[in-house]
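[1] this is a predicted model, with the sequence first.
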Amino acid sequence: MSINKNNMKFHTRKWVKPEDLNPNGTLFGGRLLEWIDEEAALYTIIQLENQKVVTKFISEIDFIASAREGDIIEIGIEVTKFGKASLTLSCEVRNKMTRETIITISNIVMVNLDQDGNPTPHGKTSIEFVKNRIK
(Lines give C-alpha, C1' and ligand atoms only; values in the text may rest on other atoms or scores of the structure.)
Protein backbone atom coordinates (compact mmCIF):
# COMPACT_ATOMS: atom_id res chain seq x y z
CA MET A 1 0.00 0.00 0.00
CA SER A 2 1.20 3.48 -0.78
CA ILE A 3 0.03 6.34 1.40
CA ASN A 4 0.82 9.87 0.26
CA LYS A 5 2.66 11.06 3.36
CA ASN A 6 2.90 14.61 1.98
CA ASN A 7 -0.80 15.27 2.71
CA MET A 8 -1.05 13.13 5.85
CA LYS A 9 -1.66 15.20 8.96
CA PHE A 10 -0.53 13.81 12.31
CA HIS A 11 -2.71 15.50 14.93
CA THR A 12 -2.97 12.98 17.74
CA ARG A 13 -0.26 11.57 19.94
CA LYS A 14 -0.58 8.75 22.44
CA TRP A 15 1.82 7.69 25.16
CA VAL A 16 2.09 3.90 25.40
CA LYS A 17 1.43 3.01 29.06
CA PRO A 18 1.55 -0.32 30.91
CA GLU A 19 -2.22 -0.83 30.53
CA ASP A 20 -1.81 -0.60 26.72
CA LEU A 21 0.53 -3.62 26.50
CA ASN A 22 -0.12 -7.21 25.47
CA PRO A 23 1.52 -10.22 27.20
CA ASN A 24 4.57 -9.75 24.93
CA GLY A 25 5.23 -6.31 26.42
CA THR A 26 4.34 -4.50 23.20
CA LEU A 27 1.39 -2.30 22.26
CA PHE A 28 -1.82 -4.36 22.11
CA GLY A 29 -3.21 -4.22 18.57
CA GLY A 30 -6.79 -3.89 19.82
CA ARG A 31 -5.88 -0.78 21.81
CA LEU A 32 -4.21 0.75 18.77
CA LEU A 33 -7.27 0.01 16.62
CA GLU A 34 -9.48 1.64 19.26
CA TRP A 35 -7.35 4.79 19.09
CA ILE A 36 -7.45 4.78 15.27
CA ASP A 37 -11.25 4.33 15.18
CA GLU A 38 -11.69 7.21 17.62
CA GLU A 39 -9.33 9.45 15.60
CA ALA A 40 -11.20 8.60 12.36
CA ALA A 41 -14.53 9.45 14.02
CA LEU A 42 -13.25 12.75 15.42
CA TYR A 43 -11.72 13.72 12.08
CA THR A 44 -14.97 12.92 10.26
CA ILE A 45 -17.13 14.78 12.78
CA ILE A 46 -15.02 17.90 12.29
CA GLN A 47 -14.96 17.62 8.48
CA LEU A 48 -18.68 16.88 8.10
CA GLU A 49 -19.82 19.15 10.95
CA ASN A 50 -22.04 16.38 12.28
CA GLN A 51 -21.57 14.42 15.50
CA LYS A 52 -23.57 11.47 14.19
CA VAL A 53 -21.10 9.37 12.19
CA VAL A 54 -20.26 5.67 12.27
CA THR A 55 -17.45 3.46 11.06
CA LYS A 56 -18.74 1.30 8.20
CA PHE A 57 -15.57 -0.38 6.97
CA ILE A 58 -11.91 -0.78 7.82
CA SER A 59 -9.76 -2.40 5.14
CA GLU A 60 -6.80 -4.68 5.57
CA ILE A 61 -4.59 -3.63 8.47
CA ASP A 62 -0.85 -3.90 8.03
CA PHE A 63 1.11 -4.15 11.29
CA ILE A 64 4.65 -3.22 10.26
CA ALA A 65 6.35 -2.62 13.61
CA SER A 66 5.47 -2.48 17.27
CA ALA A 67 5.66 0.01 20.10
CA ARG A 68 6.78 -0.48 23.68
CA GLU A 69 5.96 1.08 27.02
CA GLY A 70 7.06 4.71 27.10
CA ASP A 71 6.97 5.16 23.33
CA ILE A 72 5.02 8.09 21.92
CA ILE A 73 3.04 7.26 18.81
CA GLU A 74 1.25 9.62 16.46
CA ILE A 75 -1.81 8.92 14.35
CA GLY A 76 -2.08 10.37 10.84
CA ILE A 77 -5.33 10.64 8.90
CA GLU A 78 -5.89 11.67 5.29
CA VAL A 79 -9.09 11.93 3.24
CA THR A 80 -8.88 9.83 0.08
CA LYS A 81 -12.49 10.12 -1.15
CA PHE A 82 -15.68 12.06 -0.54
CA GLY A 83 -18.73 9.88 -1.12
CA LYS A 84 -22.36 11.03 -1.13
CA ALA A 85 -22.92 10.11 2.54
CA SER A 86 -19.43 8.88 3.42
CA LEU A 87 -15.83 9.88 3.83
CA THR A 88 -12.98 7.48 3.06
CA LEU A 89 -9.79 7.95 5.03
CA SER A 90 -6.33 6.41 5.07
CA CYS A 91 -4.28 6.11 8.22
CA GLU A 92 -0.67 5.73 9.28
CA VAL A 93 0.57 5.36 12.83
CA ARG A 94 4.23 5.97 13.51
CA ASN A 95 6.63 6.12 16.41
CA LYS A 96 7.16 9.83 17.12
CA MET A 97 10.77 9.38 18.18
CA THR A 98 12.04 7.02 15.45
CA ARG A 99 9.52 7.97 12.71
CA GLU A 100 9.16 4.22 12.13
CA THR A 101 5.76 3.25 10.71
CA ILE A 102 3.84 1.01 13.10
CA ILE A 103 0.66 0.39 11.10
CA THR A 104 -1.04 1.46 7.87
CA ILE A 105 -4.69 1.21 6.86
CA SER A 106 -5.67 2.02 3.27
CA ASN A 107 -9.39 2.60 3.72
CA ILE A 108 -11.56 3.57 6.64
CA VAL A 109 -15.10 4.39 5.52
CA MET A 110 -17.05 6.69 7.81
CA VAL A 111 -20.77 7.31 7.19
CA ASN A 112 -22.70 10.50 7.91
CA LEU A 113 -26.02 9.88 9.73
CA ASP A 114 -29.20 11.86 10.21
CA GLN A 115 -31.03 12.25 13.54
CA ASP A 116 -32.69 8.85 13.08
CA GLY A 117 -29.41 7.03 12.43
CA ASN A 118 -29.85 6.67 8.67
CA PRO A 119 -27.11 7.48 6.13
CA THR A 120 -27.59 10.98 4.80
CA PRO A 121 -25.76 13.09 2.20
CA HIS A 122 -23.24 15.48 3.70
CA GLY A 123 -22.75 17.81 0.72
CA LYS A 124 -18.96 18.07 1.18
CA THR A 125 -16.52 17.66 -1.70
CA SER A 126 -13.21 18.78 -0.25
CA ILE A 127 -11.34 19.16 3.02
CA GLU A 128 -12.34 22.22 4.99
CA PHE A 129 -10.28 23.74 7.75
CA VAL A 130 -12.19 25.05 10.75
CA LYS A 131 -10.37 28.41 10.52
CA ASN A 132 -11.90 28.89 7.06
CA ARG A 133 -15.45 28.33 8.38
CA ILE A 134 -15.23 31.09 10.94
CA LYS A 135 -16.22 34.41 9.43
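    All right, it came through fine.
[2] can you tell me the closest non-neighbouring residue to E92?
    Leaving aside its sequence neighbours, E92 sits nearest to G76 (CB to CB, 6 or more residues apart in numbering; 4.5 Å). Where you see a C-beta, it was placed from the backbone N, CA and C, and this is true even at glycine.
[3] neighbours of the one you found, how many?
    21 (other CB atoms under 10 Å).
[4] any stretches of this protein with poor pLDDT?
    The chain contains residues with pLDDT under 70 at 1-6, 130-135.
[5] redo that, cut-off 80
    1-7, 128-135 (pLDDT under 80).
[6] look through it and tell me its longest helix.
    helix 29-48 (DSSP state H).
[7] rewinding a little: now do the residue nearest to E92 against L33, distance only.
    Relative to L33, G76 is positioned 15 Å away (criterion: CB to CB, to the nearest Å).
[8] is it true that I105 touches I36?
    Yes - the criterion here is CB atoms under 8 Å, and I105 meets it with I36 at 6.8 Å.
[9] give the residues shared as contacts by these two.
    C91 (CB atoms under 8 Å, 6 or more residues apart in numbering).
[10] residue contacts, the most centrally placed residue in the chain?
    For the chain, the residue nearest the mean C-alpha position is A40 (3.5 Å; CA atoms, centre = their mean). Contact partners of A40, counting by CB under 8 Å, 6+ apart, are 55, 77, 89, 91, 108, 110.
[11] how close does it sit to D71?
    In terms of CB to CB, A40 sits 21 Å off from D71.
[12] residues in contact with L27?
    16, 20-21, 66-68, 71, 73, 102.
[13] run through the helices of this structure in chain order.
    Secondary structure of the chain (DSSP H): helices located at 29-48, 130-133.
[14] looking at the ones you listed, which is buried most?
    Comparing those by mean neighbour count (mean count of other CB atoms under 10 Å), helix 29-48 comes out on top with a mean of 18.
[15] how far does that one sit from the chain's center?
    4 Å (CA atoms, centre = their mean, to the nearest Å).
[16] one more: stretch 82-89?
    Centre-to-centre, stretch 82-89 and its host chain are 14 Å apart (CA atoms, centre = their mean).
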